[in-house]
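Chemist: Mind looking at a prediction? Sequence and model below.
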Amino acid sequence: MGSFRGMAHSAIGQRLVACLLNVSEARRKELVETVARAAVFDSNGGRREGTTVLNIFNDQDYNRSVITIVASIDCIKEAVLSACEQACRLIDMSAYAGGHPTMGAVDLVPLYPLGEEVGLGDCAKEARAVAAGLTERVSGTSAFFFGWADSPQHRGLAQRRKEMGWFRKNPDTEASRPDVGPLPQKQYGLTGIGASPYVMNCNVTIDTQDLALGRSIAMSIRESTPGGIPGVQVLALPHEGAVEIACNVESMKGNPPSQVGERGEPWPTFSIGGQLYCHAPASLITARVAELAGWQGVVTKGTALVGFTPHECRGLAERALSLGIAEFWKELRRLHM
């Protein structure tokens with residue numbers, strides 16, 4: 001069972017925060033890597049201390065990338081803000097084309113505490129500072145808050161996205177009311193910025209083009225459906241000639257439920273500020289999707305984790321920072337070749 005407790009502290013004693021930065025570009029990989037490098041190198045090419053990029057996940061069909069940035073709480077704002085600035089310079093939302101819902105060149109900026117040493121309130125403060133900095137440095141950008149950065153309501157990401165029209169096929173970005181900045185402009189769109197316990201992305205592909213079946217499966221496993229999987233927010237989307245069941249797997253406060261994964265493994269747990277959290281294992285989601293698809297004679301093609309589990313994220317970040325590796329994603333690519 002994964003846990004932050006008992007893990008070795010970083011050699012440089014970091015209080016670590018993760019940001020899974022979502023940008024609306026994947027087909028120009030060099031552009032996305034330029035955005036990632038802005039998180040770990042300053043404008044003069046100097047390395048930012050206490051900061052690393054663990055992974056870059058590109059999905060060309062969706063035209064969306066997720067950049068996993070980890071830094072100490074004292075460094076996270078500048079790292080994320082610099083990456084956001086670079087993305088806004090290079091990505092023009094008015095020319096965007098892709099298969100994934102999105103509203104912004106920088107679509108999502110979630111901050112997650114990695115362990116006991118950093119609280120949700122700390123991450124919320126930094127998230128709000130990122131929003132203020134972005135709208136000050138890049139004229140015309142705007143943002144809405146979610147999670148702990150959305151004070152005092154603490155509305156979740158799915159609720160805020162629904163309020164902003166994010167789930168619509170052709171959202172009217174310019175009609176949305178941001179929390180920070182002017183009314184959204186076509187070039188930059190609207191950015192969601194917030195703080196919450198870690199959210200893992202788990203996408204299961206089913207071997208069919210039947211989107212109605214995908215939506216039925218998505219509804220069945222969604223947290224809000226009786227018998228659904230706790231913590232799972234899900235969409236069914238056309239993807240590379242098949243259908244992807246795209247899941248946000250939210251961490252939940254308290255002890256794990258009785259459900260187990262495909263191989264009987266328990267729900268991974270971790271602590272934030274002395275409070276226990278857990279999240280559904282990817283194997284449980286995969287098994288449930290496979291079962292529901294199988295009833296209709298459809299098989300699964302595979303499962304993709306976007307980034308890492310919370311436990312993996314902290315472990316790799318400690319390794320990268322202790323070794324002084326800013327572009328750790330390159331090390332991962334070599335390991336997986």
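Modeler: Ah, there it is. Numbers count the residues shown, from 1 in each chain.
Chemist: Walking through the stretch 201-337 of the chain, point out its strands one by one.
Modeler: Remark: strands assigned in the stretch 201-337 of the chain by DSSP state E, counting those that start in this stretch are 232-239, 242-250, 252-253, 269-272, 275-278, 300-306.
Chemist: Which strands or helices does the last one pack on?
Modeler: Right, strand 300-306. strand 199-206, helix 282-294 (3 or more C-beta pairs under 8 Å, 6 or more residues apart in numbering; DSSP states H and E). Using the backbone N, CA and C atoms, a C-beta is placed for each residue, glycine as well.
Chemist: From start to finish, how long is stretch 100-119 in a straight line?
Modeler: This stretch, stretch 100-119, spans 31 Å end to end (C-alpha to C-alpha, to the nearest Å).
Chemist: Tell me which of the helices and strands packed on strand 300-306 is the most buried.
Modeler: Per residue and on average, the most neighbours among the helices and strands packed on strand 300-306 fall to strand 199-206, with a mean of 23 (mean count of other C-beta atoms under 10 Å).
Chemist: and the angle for it with strand 232-239?
Modeler: Counting by axes from the mean of the first three to the mean of the last three C-alpha atoms, to 10 degrees, strand 199-206 lies at 40 degrees to strand 232-239.
Chemist: Which residues outside strand 199-206 are in contact with it?
Modeler: 20, 66, 110, 112, 157, 213-214, 217, 239-240, 242-251, 279, 282, 285-286, 289-290, 293, 298-310 (C-beta atoms under 8 Å, 6 or more residues apart in numbering).
Chemist: picking that back up, with mean neighbour count and mean pLDDT added, can I get the strands of the stretch 201-337 of the chain in JSON lines?
Modeler: Below are those laid out as JSON lines (neighbours: other C-beta atoms under 10 Å; pLDDT from 0 to 100):
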{"stretch": "strand 232-239", "mean neighbour count": "20", "mean pLDDT": "96"}
{"stretch": "strand 242-250", "mean neighbour count": "24", "mean pLDDT": "97"}
{"stretch": "strand 252-253", "mean neighbour count": "14", "mean pLDDT": "93"}
{"stretch": "strand 269-272", "mean neighbour count": "21", "mean pLDDT": "91"}
{"stretch": "strand 275-278", "mean neighbour count": "18", "mean pLDDT": "93"}
{"stretch": "strand 300-306", "mean neighbour count": "16", "mean pLDDT": "91"}
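Chemist: Since that was my last question, I'll sign off now.
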